[in-house]
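Asks: model this:
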Amino acid sequence: MHHCTEAVPLFRGLSEDDILEIEGLLHEKTFGKGETLYEMESPSLLIIASGSLVVYQLAQNGRQQLLRIAGLGDYVGENILFGAGNENVYVEAREETKVCLLTQKDFRNLLLAKPELSLKLLEMSARRMKDLEDQARFLLMEDVEERLSTWLLAHAGGKKEITIPMKWKDLAEYLGTTPETLSRKLRKMEDEGAIRKLGRKVTIVDEGKLGK
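Replies: Numbering: from 1, shown residues only. Take a look at the predicted model:
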């Protein structure tokens with residue numbers, strides 16, 4: 001089975017015949033670290049087979065604002081395929097990254113022929129929209145420590161231990177701050193007994209002290 005169809009949740013649950021049909025439509029391409037993808041390709045759904053992609057937008061002051069990091073089995077490009085692209089949003093290879101491309105025509109034909117794919121796509125898009133709404137809410141908070149505290153609690157979902165799903169510098173960019181400021185805020189939270197941090201694992205010791 002093709003590694004892209006194995007990895008991407010969008011295709012899970014399809015029959016073997018459906019998977020074989022999709023495999024026949026995919027084209028592989030490898031991008032080097034730092035390459036911007038959409039400057040090179042016609043509109044396509046890009047499925048990550050290895051490596052990772054960074055999706056970001058440019059603010060008016062030219063600063064990059066991280067939107068998300070797409071890893072193995074994730075995909076990008078569906079908005080452009082539906083004519084809802086944003087010229088201020090960019091996709092860049094975070095490292096050497098291999099993707100499987102599904103052209104706009106093939107993608108639309110698949111959605112028409114297989115309604116279950118359309119439903120999955122709507123579900124996954126709704127989750128992504130919620131993530132963007134959460135990020136917008138964080139960025140409206142003037143205090144960086146409040147943004148970080150709110151993000152930690154939201155990501156924990158009631159649990160005490162969190163594994164940060166990205167590099168610290170990426171989390172800093174996601175929260176609209178610098179790695180240095182984020183590091184200072186984390187040390188302050190540790191000194192105050194609100195959290196314990198070991199690598200990218202964070203334990204919430206005292207929820208009431210977060211953001212104080």
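
Asks: Walk me through the domains of the chain.
Replies: As given by automatic domain parsing, the domain ranges for the chain are 3-137, 141-209.

Asks: mean pLDDT for these: which is lowest?
Replies: Of all those, mean pLDDT reaches its minimum on domain 3-137 (a mean of 80).

Asks: same for the longest helix along the chain, what does it pack against?
Replies: If you go by DSSP state H, the chain has its longest helix at helix 115-140. With contacts taken as 3 or more Cβ pairs under 8 Å, 6 or more residues apart in numbering; DSSP states H and E, helix 115-140 sits against strand 64-70, helix 104-113, helix 144-156. In short, each C-beta sits where N, CA and C put it, glycine included.

Asks: rerun that using 6 Å as the cut-off
Replies: helix 104-113 (3 or more Cβ pairs under 6 Å, 6 or more residues apart in numbering; DSSP states H and E).

Asks: how many degrees apart are the helix it packs on and helix 115-140 in direction?
Replies: 110 degrees (axes from the mean of the first three to the mean of the last three Cα atoms, to 10 degrees).

Asks: Now do the helices in this protein.
Replies: According to DSSP H, the helices that the chain contains are 3-7, 16-23, 78-81, 104-113, 115-140, 144-156, 168-174, 179-191.

Asks: I'd like those as JSON lines, with distance to Gly71 and mean neighbour count appended.
Replies: Formatted as JSON lines, these follow (distance: least, Cβ to Cβ, whole Å; neighbours: other Cβ atoms under 10 Å):
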{"stretch": "helix 3-7", "distance to Gly71": "9", "mean neighbour count": "20"}
{"stretch": "helix 16-23", "distance to Gly71": "20", "mean neighbour count": "15"}
{"stretch": "helix 78-81", "distance to Gly71": "16", "mean neighbour count": "18"}
{"stretch": "helix 104-113", "distance to Gly71": "21", "mean neighbour count": "15"}
{"stretch": "helix 115-140", "distance to Gly71": "14", "mean neighbour count": "13"}
{"stretch": "helix 144-156", "distance to Gly71": "16", "mean neighbour count": "18"}
{"stretch": "helix 168-174", "distance to Gly71": "12", "mean neighbour count": "19"}
{"stretch": "helix 179-191", "distance to Gly71": "20", "mean neighbour count": "15"}
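
Asks: Lovely, talk soon.
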